[in-house]
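> The amino acid sequence is not available; the structure is as follows:
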């Protein structure tokens with residue numbers, strides 16, 4: 001068995017409702033000699049026409065940026081935000097998200113933080129390693145310093161943003177990393193994974 005049964009991503013049940021909505025969005029891209037950035041924004045407006053059973057409004061923002069640093073190093077930032085728009089207290093479970101696990105904050109359980117409000121950011125400092133470290137058929141690794149912060153919550157609930165920091169050795173198709181929760185420094189999380 002590759003994964004333990006309790007490491008499978010949780011899939012909480014949601015009530016069966018029909019959602020009728022209009023979704024509008026756009027993408028902006030900047031490409032400059034010292035900055036590559038992309039911003040994607042989306043808004044959804046759900047209403048009770050055409051058999052829709054729930055009215056709500058929400059937004060989602062995803063951003064990514066990369067800038068050169070010392071020598072041939074690179075700093076990257078990824079940001080994800082999602083929440084109801086003013087006038088909407090909460091979103092249906094179909095529009096909730098999760099934070100926790102290897103894709104977000106690896107030192108926490110998969111989906112440990114859940115809700116219709118999500119904030120997540122990951123900052124990386126990438127250092128390409130020398131060509132003599134090339135592994136045949138695999139490539140040359142890079143060394144990354146990582147800092148990730150985020151959480152998810154819902155209406156009338158407060159939750160502090162949690163953090164992970166650590167280091168990663170990444171090849172073109174797989175990686176190994178160790179991350180720490182600064183509030184639980186004695187329990188680091190070691191991840192090995194495949195990435196495309």
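Received the coordinates, thanks. Small disclaimer: the values here were computed from a predicted structure and weren't measured.

> Can you show me the strands along the protein?
Under the criterion DSSP state E, the chain carries strands at the ranges 20-32, 35-47, 56-68, 74-84, 97-99, 113-115, 117-128, 142-153, 162-170, 174-180, 189-194.

> will you turn those into a markdown table that also has mean pLDDT?
Converted to a markdown table, the strands of the chain look like this (pLDDT from 0 to 100):
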| stretch | mean pLDDT |
| --- | --- |
| strand 20-32 | 95 |
| strand 35-47 | 96 |
| strand 56-68 | 97 |
| strand 74-84 | 97 |
| strand 97-99 | 94 |
| strand 113-115 | 95 |
| strand 117-128 | 97 |
| strand 142-153 | 96 |
| strand 162-170 | 96 |
| strand 174-180 | 94 |
| strand 189-194 | 89 |
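
> which stretch among those strands comes nearest residue 105?
For these, proximity to residue 105 was assessed by Cβ to Cβ; strand 162-170 is nearest, at 4.9 Å. From N, CA and C alone the C-beta is placed, and that goes for glycine too.

> right, and residue 140 touches residue 133 too?
Yes - in terms of Cβ atoms under 8 Å, residue 140 counts as a neighbour of residue 133; the distance is 6.0 Å.
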